[in-house]
Each structure stands twice: as C-alpha cells, then as structure tokens.
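Novice: Got a predicted structure here, sequence first:
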Protein chains: 4
Amino acid sequence: MDKREQILEAAANLIAEQGLQSSPVSQVAKQACCGAGTIYRYFETKESLIEELFVLMLQRLTIACLEGDESSRTPEQRLRHIWANTYNYLHENERDCVLLDHLAACPSISEEIRAEALENIHSVLFALLDQGKADGIIKDLPNEVLATFAYGGLATIAKKRRIAPHMMGIQISNEMLTQLCWDAIRT
Amino acid sequence: MDKREQILEAAANLIAEQGLQSSPVSQVAKQACCGAGTIYRYFETKESLIEELFVLMLQRLTIACLEGDESSRTPEQRLRHIWANTYNYLHENERDCVLLDHLAACPSISEEIRAEALENIHSVLFALLDQGKADGIIKDLPNEVLATFAYGGLATIAKKRRIAPHMMGIQISNEMLTQLCWDAIRT
Amino acid sequence: MDKREQILEAAANLIAEQGLQSSPVSQVAKQACCGAGTIYRYFETKESLIEELFVLMLQRLTIACLEGDESSRTPEQRLRHIWANTYNYLHENERDCVLLDHLAACPSISEEIRAEALENIHSVLFALLDQGKADGIIKDLPNEVLATFAYGGLATIAKKRRIAPHMMGIQISNEMLTQLCWDAIRT
Amino acid sequence: MDKREQILEAAANLIAEQGLQSSPVSQVAKQACCGAGTIYRYFETKESLIEELFVLMLQRLTIACLEGDESSRTPEQRLRHIWANTYNYLHENERDCVLLDHLAACPSISEEIRAEALENIHSVLFALLDQGKADGIIKDLPNEVLATFAYGGLATIAKKRRIAPHMMGIQISNEMLTQLCWDAIRT
DNA sequence: TATGAATGAGGCTTCATTCAT
DNA sequence: TATGAATGAAGCCTCATTCAT
C-alpha cells in the first residue's frame, strides 16, 4: 500500500469513527504515520481528499454490486443478484457504509462528482431495466425511479439495521429484501 | 413569530442552504436579526439548537404524513394515503427535506432522540401493517423492514429529484410511487 | 435588610463560593432576588460593587478585631486581645475570609482604598505599639513591620487551616497564637 | 530559551502586571512573539499553563530559600538563613512575588498541586523544627503552625513593602526580620 | 521528499451593561 | 422604580494550511 492509499485509509477510518468535523488533518496524518504536511503533497486541500475518498467508496460499492454479474442470466436474475450484492456490501462493510453517510452530507462534494461516480452501475442497471420493460415484466417507469427506489429501500434498511440492530430481527435474509425490490418494480 | 421561532427558522434556512458546518452561530444570529448572545438565552448550546431543529422537522414531517388519515378506510388505502403524503411533503418542502438530510448525518443527535421523534408515525404504520398481515394481504416480514423499505425508497427518490431534477421526468405521479410501495410489501 | 445589602450579601456568598470570575452579575441578581438591571441602580459598575464589598469586609474584620478592647488594660493585654479577636474572626467567618482572599487579589481595587480601609485599626495598633516601645517592652522597629508581621502570621495560619484542616492539629488555641505574636515583637 | 519557556516568561510578565483576568491568551502570545495557537502546542489549556507557572514559581522560591543551607550549622542558624533567603527572594524578585500572589488566589489550582510544590521546603523546615524542639529551644507547637507563622509574617511584610514602600522605612534589615521569626518560635 | 512547529482566521460561548416595558 | 431580554465585545480554543529544516 503506497502512502496515498495509506492516507485515504486513515482518513476513512477516522471519519467513519468520529465524523467529518472531528477528523482534523493532523490526526489523519498521525493515523497514516506521516506528517501533516505530507498529506498536502498528495491532496490539494482537505476537501479534495474528502472528495477522492467519496469517489473511492462509491467505486468499491459499485464494483461490489456488479461482482459475479453474468450477462447470460435473465434480467430478473441479474437484478436480484445486484441487489443482493448491494445489501451484502452495505451490511458487511460497516465502516464504508458509515463513511458514505458522512460524506453524502458533505456540501463540498459537487453533484457532478456524485453523478459521475454512479455512471457505471447506472448504465448496467438501466440496460437491465430497459430489457425488462421491453419484455413486459417490469413497470414502465423511468429507470431512475425504479433504480433509485430499490437502492433507497435497501440502503435505508442497511442503515437502520446498523444504527439500531435490535429493532429489526436478525432474520432478515437477502431473499426477503430482493423480493421486496423485485415485487416493487415488476409488472 | 416569537424570537425562539425566529432563531429556529433562521437556522433552518441557513443550514439547508449551506450545511451544518458552514452555518456558524454568528450567521444564524444575523439571519434571525439578533445578537449572537441572544441565541444562548433560548438554547443551551449550538448542538441543542440543532437537536431541537431536528425534532421539529420530524414533527412536521410526521404530522404531514398522517394528515387526512381516516381509520374507516382499508389498510391499503390508508398506507397509500400516508405514502402519498410522505412523498408530497418531501417533494414540496424542499428546504425541510434538505435540512433533514443535513441533520440526519449530524453525529451529535442521539439515537434516542431519533427514535422518539418517529414513535408517533411508527405506531400508526405498524398497526396498519399488522392488520394487513392478519388479512393476508401484506408480506409476513418485520414491520420495521416493511416501513423502512417504503420510506427509504420514497425519500431517496425525493432527494434525487431535488438534486438532479433533469434525471427523472417530471411526470412522476403519486400513484406511480405509492404503487411501487404497495407492490413491494403486498403478498 | 434593604436591597443594597441584599445585593452585597448575595455577591459575597457567590464570590466566596465560586470566585470572582465565575460570579456573573446575572447570578448575583438571582441570588439577591432582583433583576440584573436593578443592581445598576445601586452600583455604578460591577467593579464598584466589588470594591464596596471589599471595604465592607474589612470594616467587619476591623470592628471584630477591636471588639472588647479596653483602654484601661496594658498594651500587651490589649494587643493579645486584638490578635485573638483577629484570629477568631478569620477562623470563624470562613466565608468572609475566603471572600477577602478573592478580593485581595483583584487588581481593580486601588491601593488607596485598601489603605483607607485599614486606617482605623492601624491607628489603634500603632498607638499601642508606640506605647509599648516607650515602655521598652516592644522591639524598636517600624510599627508597620510589627503590625504586619503579626497579622500576616495569623492570617496565613487561618488560611492554611481553612484550606487544609488536616495538616494542623485542631488543637491550635488562641493562647498559642497570641504568644507567637507577642514573643515576636517583644524585646 | 526555547518557545515553551518564552511562553511561560511572557505569561509571567503579563499576569504579574495586569492580573490573571486581564491576561488573555492572545496577549500572552503577542508578548511571547508567537501565534495564539502555538500556546496550545505546549499547554493543554490556559489553566494548565497557569498551573505550570505556579509550580515553576514555587520551585524557584523554594530553591532560593534553601540556597546555601549547610547541615553543619545549628538549627537556629539554618532557620535564620532560610528566612533571610525567603525574604530576600520575595523582596528582590518583585515580579515573581506579585505573580505568586495572583496565582495563589486562582481557584483552578488544586490543593494537591499546592501541597506537592511545598513538600520539598517543608521537609527541610520540619526536620529543623523537630530538632529544635528536641533541643528544647523551639516551642512545642505543630511544625505547620511554626513554619506557616514565620513564612506568613515575612511574606506579608514583603508584599506590603512592595505595594506601599513609603509606609515602612527602607531601613528594614534581614536581621530584624529573622529576629522576629526566631523570637516568635523559640521557647 | 518528508516533517511537524507555527500561524491566525474563525468558531462557540460568556457576561457586563443597556433599555424598552 | 424594577425587570430581564437583548446586545456584542472579547475570551478560549481548534484546525487547515504553510514553510523552514
């Protein structure tokens, strides 16, 4: 792991634990085992470090979501697989998930950055949704609406489960959740 | 409007526009047309002001969600009505919605506060879900899961529509969205 | 007790307990059962209130020191009596004593005020010391030196006893202390 | 002189001149020729800076008091020597002496700190007093009482001489003062 | 290139004082 | 006359960023 990654990793840990405002550059440096000045060799400002971290986190998420996706399967199968991946990732990578919540509320990250980071996964999802709609098995609604609804539902459950694990039984299975998603968007 | 409300309103506007970290007490005071010290006659700390704002926003949201709910209707009708209310509120009250996003990520607001603020709406929703499950028309999943999934889906769509209105057609109707919610949780 | 005294008394209690810097006018007002503004009807500024309090405390102290002083006795008897009074007062009026310590360190009280407040007791003491010196039973040193040494010794013991009562045995008697004073200054 | 000492020295000068409450951190920094933030690299809080200053002043005082003390001399000689040192130090180091007065009244300095700072000098003094009592030449009173009385007398005279030099003739000699101390405690 | 001491702007909070009621 | 809400200057402290080493 090179120094740049060390810094990003240190920032990720610190921000996930303490929040954005309680994670001064000096502490990030300490966690990354380098001087505060060094961080400014790799990142223009703290804001740009944050931005890069956000992009990195979304990359990891989208990569995880698409892992094992096989174009030979049916759209329904593939969508279910992606949703399961999504929930698994959010649920198993607590730190990244917490971090994403913190960064999502950061006003210094522009909309362009956010949109760009999701382009990849969106293109896959939208193709599947288009195909499903062509097959008449998916509601004829804008892709953005369908994809966002499913993702929002899954992410919100993952978040609530993280924050208040006692509230939902632990017996939440991937099948249950992907079924919710699928039933929502299918015709 | 008394001074306390003035301050809350000023804080709400500022935080919605600029985010929590970019809304110093001094600016809140300026917006509220009072001295900085005055704020501390009404709120112990900035944190407690934030907390109160959060509770207030959730109160408004939950009241809006339950408006016009009539116990004479069927569970499905009532759930659809509440979901429509929810989306309408999130969609029409842009400022409150943005504000909630900012406050939701604020680490100083405890889980107790958050849970308490939702008790009201949850008790209504959970009763409806229980009845629906008893009638065999709603999936036999934990209420928390069902309610959170629907709310998360709606809220995420409202947020995305707010941020990137061009992405989704403007032709999103309440019926479409409540249908998504209902299809997701029904048997 | 009129309002002016109420305010002084309230300030005395508060400052003795919490120190000068932690006794805002607003709290003094609360203790005195009046509004903050009312205090400014009786005292020009907080500083002048403090000053008056200091003078009042020294008055009480000097009055107590001279109580029961009878010009018919010998200088030694009268000095011993005054010293005993002094120590008794410092020892029994913990609040006033603490208060005096706090006020003594307050830079806003001018030297003139301090000197003036002691004029009374000094004139008595100095006369006794002069007489003792004339009688050849008291050291031929400046009165200020003799009086200050004895008072300083007594006051420092009283203070230490107040702060760390465990350090000195409780068996300190007035006789012991007045003997120390007398032996110090006698020929 | 390194920066830490610069800061302590600047604080000492400022507080001695203007008092504790009129010596904001910003001014200490200016005197120390550094930014306000720099102070916080060396001291956790303003209070801890004050505390350290207090301990330092007492260290200097106690070291000065014991300078030239030789265990080969008699207890009386050694006590007189220490008292002379004490008065000399208080009298010659006006700034330190004023500073000690200000710091002694500071409520944030705990009793533990105060007691600890005096341990050194006390152990020497108490041994001498014990020996003198064993020899039958010193009054049989608690060491704390004897030591405190002498120190209190000397310190109060030094203080008064500092504040109102005109009041006492300048002809106060060390011999006079050590004689007062010795006569007070001897049998 | 790497460091971390230094900086100072800016945030939160307190409180003496004023003034409309 | 009495009140206490309002004010804003000023205090303490944090932290992103720079720069000499």
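Specialist: Yes, it's here.

Novice: Nearest spatial neighbour of the residue positioned nearest the centre of chain A, chain-adjacent residues omitted?
Specialist: The centre of chain A sits closest to A:Leu61, judged by Cα atoms, centre = their mean, with a distance of 4.3 Å. Once flanking residues are discounted, A:Leu61 sits nearest to A:Tyr89: 5.9 Å by Cβ to Cβ, 6 or more residues apart in numbering or on different chains. Every residue, glycine included, has its C-beta placed from N, CA and C.

Novice: packing partners for the helix or strand harbouring the one you found?
Specialist: Element membership for A:Tyr89 (DSSP states H and E) is helix A:75-92. With contacts taken as 3 or more Cβ pairs under 8 Å, 6 or more residues apart in numbering or on different chains; DSSP states H and E, helix A:75-92 sits against helix A:46-66, helix A:94-104, helix A:111-134, helix A:143-163, helix A:174-185.

Novice: got these as TSV, with mean pLDDT columns?
Specialist: Below are the helices and strands packed on helix A:75-92 laid out as TSV (pLDDT from 0 to 100):
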stretch	mean pLDDT
helix A:46-66	96
helix A:94-104	93
helix A:111-134	94
helix A:143-163	94
helix A:174-185	96
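
Novice: Can you name the residues in contact with stretch A:161-179?
Specialist: Under the criterion Cβ atoms under 8 Å, 6 or more residues apart in numbering or on different chains, residues A:80, A:83-84, A:87-88, A:91, A:94, A:97-98, A:154, A:157, A:160, B:111, B:114-115, B:139, B:141-142, B:144-145, B:148-149 lie in contact with stretch A:161-179.

Novice: rerun that using 6 Å as the cut-off
Specialist: A:80, A:83-84, A:87, B:141-142, B:144-145 (Cβ atoms under 6 Å, 6 or more residues apart in numbering or on different chains).

Novice: what does the domain assignment say about chain A?
Specialist: A:1-42, A:46-183 (the TED database).

Novice: Could I get the ones you listed in CSV, plus columns for distance to B:Val28?
Specialist: Output for the domains of chain A, formatted as CSV (distance: least, Cβ to Cβ, whole Å):
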stretch, distance to B:Val28
domain A:1-42, 17
domain A:46-183, 16
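
Novice: Can you say which of these is nearest to D:Phe43?
Specialist: domain A:1-42 (17.0 Å; Cβ to Cβ).

Novice: So what would you say the end-to-end distance of the closest one is?
Specialist: When the termini of domain A:1-42 are compared using Cα to Cα, to the nearest Å, they are 14 Å apart.

Novice: Equivalent analysis for stretch A:168-180, please.
Specialist: End to end - Cα to Cα - stretch A:168-180 spans 16 Å.

Novice: tell me how far that stretch is from the chain's mean position?
Specialist: How far stretch A:168-180 lies from its chain's middle: 19 Å, per Cα atoms, centre = their mean, to the nearest Å.

Novice: buried residues in that stretch?
Specialist: Using 16 or more other Cβ atoms under 10 Å in any protein chain shown as the test for burial, stretch A:168-180 gives A:168, A:172, A:174, A:176-180.

Novice: Stretch A:125-135 vs chain B: in contact?
Specialist: No - Stretch A:125-135 lies apart from chain B when judged by Cβ under 6 Å from any Cβ of the partner chain; the minimum separation is 11.1 Å.

Novice: neighbours around A:Arg97, how many?
Specialist: For residue A:97 the amino acid is Cys, not Arg. Residues within reach of A:Cys97, counting by other Cβ atoms under 10 Å in any protein chain shown, total 19.

Novice: And A:Leu53, by the same measure?
Specialist: 23.

Novice: next one: A:Glu119
Specialist: By the criterion of other Cβ under 10 Å, A:Glu119 has 9 neighbours.

Novice: got the residues of chain A near DNA strand F?
Specialist: Applying Cβ under 7 Å from any atom of the strand, one finds that chain A approaches DNA strand F through A:21-26, A:36-37, A:40, A:45-47.

Novice: No further questions, thank you.
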